[in-house]
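Okay, predicted coordinates and the sequence, questions at the end:
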Amino acid sequence: MQSISGWDTVIGLEVHVQLATKTKIFSGASTAFGAEPNTQACAIDLAMPGTLPVLNKQAVHYAVMFGLAVDAEIGKESAFERKNYFYPDLPKGYQTTQLEKPIVGRGNVEIQLADGSTKNIRIHHAHLEEDAGKSLHEGDFRSGTSGIDLNRAGTPLIEIVSEPDMTSAEEAVAFAKKLHSIVTSIGICDGEMSQGSMRFDVNISVKPSGSDKLGTRTETKNLNSFKFMEECIAQEVDRQIDLLEDGGSITQETRLYNGETKTARSMRSKEEANDYRYFPCPDLLPVVVTDETIETLRRNLPELPDARQARFVKQYGLSDYDADILGSDAGMSVYFETATEKSGNAKLTANWTMGELAARLNSEAISIANSPVSAEQLGGLIARIADNSISGKMAKEVFEGIWTGEGSADEIIEARGLKQVSDSGALEQMVADVLAANQAMVDDYINTDQAKRKKKLGGFMGQIMKASKGQANPQQVNQILAKKLNELL
Amino acid sequence: MYNLTIAELVRGLQSKAFSSVELTQHFLDRIAALNPDYNAVITVTADQALKAAIAADKRLAAGGAPALCGVPILHKDIFCTKGVRTSCGSKMLDNFIPPYNATVVENFEQAGAVVLGKTNMDEFAMGSSNETSFYGPVKNPWSTDCVPGGSSGGSAAAVAARLAPAATATDTGGSIRQPAALCGITGLKPTYGRVSRWGMIAFASSLDQAGPMARTAEDCALLLSCMASLDDKDSTSIDHKIDDYSASLNNSIKGLKIGVPSEYFSEGLDKGTEQAVRQALSDLEAQGAELVDISLPNSGLSVPAYYVIAPAEASANLSRFDGVKYGYRCEDPKDLQDLYSRTRAEGFGEEVQRRILIGTYCLSAGYYQAYYGKAQQVRQLIRQDFTQAFEQVDVILGPTCPSPAFKFGSKGDDPVAMYLEDIYTIATNLAGLPGMSVPCGMVDNKPVGLQIIGNYFDEALMLNVAHQYQQVTHWHNLAPEGIA
Amino acid sequence: MNIKRQEIEKLATLARIAIDESTIAEVTERLGSVLELVDQLQAADTSGVEAISHPMQGTQRLREDEVTELNQRQALQAIAPDTEEGLFLVPKVIE
């Protein structure tokens, strides 16, 4: 636990999760990311006069699935309210959201910490609501104006509200990552943080160690990366403690964190003085979720990250560490299992998925879902490593070939003539030739103390691999070499 | 032709006594000649109407044409009409041309009706005299120095002046029934959810309901059959069997139990109006109906509850008019807040602004429970009053409004005087019940309306009662001087 | 019921309606009159009465998650006060 002497930190999160529905929460317009401005904003999304909302069934089901995933009470009758405020990216002048009767009630999420311990974070509730559009302040339009793109307006969200159960940036980030893992595992969110699919508001306060009384909190809005969250919390905790230690006080305010400049500032907008005047939305009726629907969704709920991690350990013999990394990421775990099915070697597949593949995807900022090397292709490559057709070093070359689209592992091995020589007769001859051609090295080996001879083997290996153009099976060469040198002693 | 009812027009069109083009041209000519006196129609769609009439004549010639094929009608300017300005009586939407049709408009198009144009109305349907329209007041054809009622005053006056045989209208607190009463025509507000609200510009979403205006109950039955529908685009539209409203018009009303609420005949009711309504009750009694004294004890709370709930909902519904996506925008806004507050100050009239402010107040922190919360509880009490009453009676009858049409400006500066105009009509909106108004007499040469309130989805019975009443009375056949 | 001028100003800000200095007294008076009317509610005994926000009982119908609305930007922006590059323009928003 991160602690600064004399002070306790209290953190609560509000997490906006964009649901992976095809259409908006109240209209049949597409939610696909990246479209031209306002091409996915229909008359309803634009709040044209006389238009009315009709609720998306899938959005309701996704919200219920989240509730089931965090073992929460499901609101069998939930209701929508209007939250009134003016902003250009809010076309109706109110946001349709849930206040009194949210669809998901109290729940629990268990997080794992670096020291191996676990902690329960309570979910206060989660509710359905609509996203706002976007205000662009710079672009190809008249200066002195902002441009409003309403494509995002009406995208379904669940807002997950935690209890203030976290006491450090580490816990907050672990909780955020766990939520990410849950919502992507059950398929209700694509988890694309860079596209704003998950956004975090962090409520932070500090109090003297051991005090029961909560300090005044600030809310930092719209963090969209775990890194920013970690930085921002550390910074805000320091700021609050510094202020208090200097005899100052904390102002309850909304803050914005800029990840690029690593600085935060207070939002001095009129928002602060707002009075949202919530009231029941008369255009929408109570949303009833039947026991039957809940049970159907429960039965079909995809595997949760905790269960999957445990299964990876049991089924594939992975270490807890590997199972944790692979199992917590929905995309990675599907990839891993598909690749393993093809490769027949889970351990090697786990290493490659978390190692070479993850590193490469990461450096090029590609999600695993869009990996140029498919799970089947990686599995095919690993199968050739496992059956000794190619060496690990060659495998990297083949991987590169698959990445650039040259074909499957087998095709590349064939085309480039990379197949390892494992024919023992040929290898024996090759070793014998090398020994004969390097009598000085052989003599040196013989004259070296037995304890240090092992170090000399590398020189022979290098010669042999060179002679075989790298295609000799190293394990086999090792055995033959050791045998032949022994005979000479 | 202008004195024919829709039922008669349908027969005439189908027997080829006249064509839809002739009929349409006839009403277009009347609008051109007479509308300047009444200001009832604010947009005339002559070209489109004649095109639709030609198409209707073809369908009529081919046989198997739909129910209202070739019949000209007017739409209240609250219904969105694709490609035709839909202003809602406001400067805010003076330039608004919707790219879509309201479901009501769509239903009439399917039924083959010919749209002559759009009718004047109180701005955003907020008013009981049509004096709040951006396009100027509508004059009552019975007495042009008097109001036609509101908010559907344009539709009511147009039907009374025979500018069209029928018009669509909406009713949030009495906006169909009160102008129908003041203009001497028949109007019906259906059960909440019976007619789709899609494309109907919202005033107070939990109260708004569209309905027909015509001269007779028989015509209203034909029109309601066309308007009523379950609409997936309106979550509050209700999946309930749609009756054949015309089929039961001639049922006997012998043994019908008519509830007469004492609260609707109390202080404030004009003597002449009371006499006319009591006479109507006697006429129905003479037809075999039984009068039952009932009480709706919470009636007195309906106006205060309404003036919390309706403005509260309106304050949010009208937030979308912000000068960003469509509609009016002020000149040269200096910043965003200026854009909002000046657009809304210049685009909305005084009454609309007042209701937005009242609604904002009733929902604001510290006042919500005392006003909005309390009003929603009172709404429950009002609904329970009716539920209990309908355990004893089949329909409830009383006056539509406290007095006949009043003079322009006569309600003075106090908005409350105007609000009390809807004292007998508002409760049914709060409860979601259907109500209608039929002409039942004349006071000082001005019409008086009889209100018929039915149980949920009992429109067929209400129309049956109204039609039976109209079989033995002549009030619905009277026309303003110079009209017939 | 007396409503104070400052309250009217606060409401006007919340509702984004500019009220001219010359009319504020009149607006205040007329609003006060309406609030007096609605204050009659306070006399009602509503203890134990459940508030209703819809006149009819019923539950929300749900829509299938299928794209039914295609790009209509051109038609929808044809009636917009100020657009450029497919965006609705407003005076610069300062956060």
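Perfect, I can see it now.

Distance check, residue B:459 against residue B:170.
Going from residue B:459 to residue B:170 by C-beta to C-beta, to the nearest Å gives 16 Å. Every C-beta, even on glycine, is put in place using the N, C-alpha and C of the backbone.

Tell me where the model's unsure across the chain.
Went with chain A since none was named. Within chain A, the ranges that satisfy pLDDT under 70 run A:1-4, A:268-273.

Correction: the question concerned chain B.
Chain B contains residues with pLDDT under 70 at B:484.

In it, which residue sits nearest chain C?
Residue nearest to chain C within chain B: residue B:432 (2.7 Å; C-beta to the nearest C-beta).

Give me the phi and psi for that residue.
The phi/psi pair for residue B:432 (degrees, to the nearest 10) reads phi 80, psi 10.

Span of stretch A:176-194 from start to end?
15 Å (C-alpha to C-alpha, to the nearest Å).

Run through who's touching it.
By C-beta atoms under 8 Å, 6 or more residues apart in numbering or on different chains, the residues outside stretch A:176-194 that reach it are A:13, A:15, A:17-20, A:33, A:62-63, A:65-66, A:69-70, A:109-112, A:158, A:160, A:197-198, A:200, A:224-226, A:229, A:301-305, A:308, A:328-331, A:333, A:367.

and chain B, which of these reach it?
Applying C-beta under 8 Å from any C-beta of the partner chain, the subset of these adjacent to chain B is empty.

residues touching residue A:141, list them.
Counting by C-beta under 8 Å, 6+ apart, residue A:141 has contacts A:147, C:84-85, C:87, C:89.

Go through those residues and single out the one with the most neighbours.
Per-residue neighbour counts (other C-beta atoms under 10 Å in any protein chain shown) across the contacts of residue A:141 peak at residue A:147, which has 26 neighbours.

and that residue, what element?
In the assignment (DSSP states H and E), residue A:147 maps to strand A:145-149.

Sheet-wise, list the partners of that strand with their directions.
strand A:134-136 (antiparallel), strand C:87-91 (antiparallel) (DSSP bridges).

Any chance you could list what contacts the shortest one?
With C-beta under 8 Å, 6+ apart as the test, strand A:134-136 has contacts from A:87-89, A:146-149, A:151-152, C:87, C:93.

try 6 Å
With contact meaning C-beta atoms under 6 Å, 6 or more residues apart in numbering or on different chains, strand A:134-136 is reached by A:88-89, A:146-149, A:152, C:93.

and the residue in the stretch 251-400 of chain A positioned nearest to chain C, how many neighbours?
Per C-beta to the nearest C-beta, residue A:280 is where the stretch 251-400 of chain A lies closest to chain C, at 3.8 Å. Neighbours of residue A:280 under the rule other C-beta under 10 Å: 22.

Just the pLDDT at the closest residue to it other than its chain neighbours, thanks.
Leaving aside its sequence neighbours, residue A:280 sits nearest to residue C:53 (C-beta to C-beta, 6 or more residues apart in numbering or on different chains; 3.8 Å). Confidence at residue C:53, expressed as pLDDT, is 92.

Tell me how many other residues crowd residue C:53.
Residue C:53: 18 surrounding residues under other C-beta under 10 Å.

What residue in the stretch 1-150 of chain B comes nearest to chain A?
Nearest residue of the stretch 1-150 of chain B to chain A (C-beta to the nearest C-beta) works out as residue B:80 at 4.7 Å.

From residue A:131, how far off is that residue?
Distance from residue B:80 to residue A:131, by C-beta to C-beta: 26 Å.

The stretch 301-450 of chain B against chain A: which residues are in contact?
Contact residues, the stretch 301-450 of chain B versus chain A (C-beta under 6 Å from any C-beta of the partner chain): B:313, B:316, B:319-320, B:324-325, B:340, B:363-365.

The residues you listed also near chain C: which ones?
Among those, chain C is touched by B:324-325, B:340 when using C-beta under 6 Å from any C-beta.

got a list of contacts for stretch A:429-440?
Residues outside stretch A:429-440 that contact it (C-beta under 6 Å, 6+ apart): A:442, A:463-464, A:467-468, A:480-481, A:484.

Mind pulling the model confidence for the spatially most central residue of chain C?
Residue closest to the average C-alpha location in chain C (C-alpha atoms, centre = their mean): residue C:15, at 6.7 Å. We have a pLDDT of 97 for residue C:15.

Same question for the one 3 residues further on.
Reading off the per-residue confidence, residue C:18 sits at a pLDDT of 96.

May I have the secondary structure class of it?
coil (DSSP: H, G, I helix; E, B strand; the rest coil).

That one touches residue B:342, doesn't it?
Yes - at 5.3 Å, residue C:18 and residue B:342 qualify as touching, with contact defined as C-beta atoms under 6 Å.

Of the ones next to chain C among the residues of the stretch 301-450 of chain B next to chain A, which belong to helices?
Among these, DSSP state H puts residue B:340 in helices.

Tell me the most packed of the ones next to chain C among the residues of the stretch 301-450 of chain B next to chain A, by neighbour count.
residue B:324 (29 neighbours).

which ones are touching that one?
A:88, C:88, C:90.

swap in residue A:209?
A:6, A:8.

That one and residue A:169: what is the separation?
Using C-beta to C-beta, residue A:209 is found at 17 Å from residue A:169.

related to what we said a few turns ago, taking the contacts of residue A:141, tell me the two that lie furthest apart.
The span of the contacts of residue A:141, defined through C-beta to C-beta, is set by C:85 and C:89 at 9.2 Å.

how many other residues sit next to the residue of chain B closest to chain C?
25.

now residue A:344
If we define neighbours as other C-beta under 10 Å, then residue A:344 has 13 of them.

about what we covered before: ok, then the element right after the strand holding residue A:147?
Under the assignment DSSP H and E, the closest C-terminal helix or strand after strand A:145-149 is strand A:156-162.

Please name the nearest non-neighbouring residue to residue A:358.
Of all residues not flanking residue A:358 in the chain, residue A:332 sits nearest, at 7.6 Å (C-beta to C-beta, 6+ apart).

give me phi/psi at that neighbour?
phi -70, psi -40.

so it touches residue A:324, yeah?
No - using C-beta under 6 Å, residue A:332 is not in contact with residue A:324, being 11.2 Å away.

what about those two, which has more around it?
Per other C-beta under 10 Å, whichever of residue A:332 and residue A:324 has more neighbours is residue A:332, with 23 against 17.

wait, what's in contact with residue A:44?
Counting by C-beta under 6 Å, 6+ apart, residue A:44 makes contact with A:27, A:51.

10 Å instead?
A:24, A:26-29, A:51-54, A:91-92, A:153-154, B:233, C:69 (C-beta atoms under 10 Å, 6 or more residues apart in numbering or on different chains).
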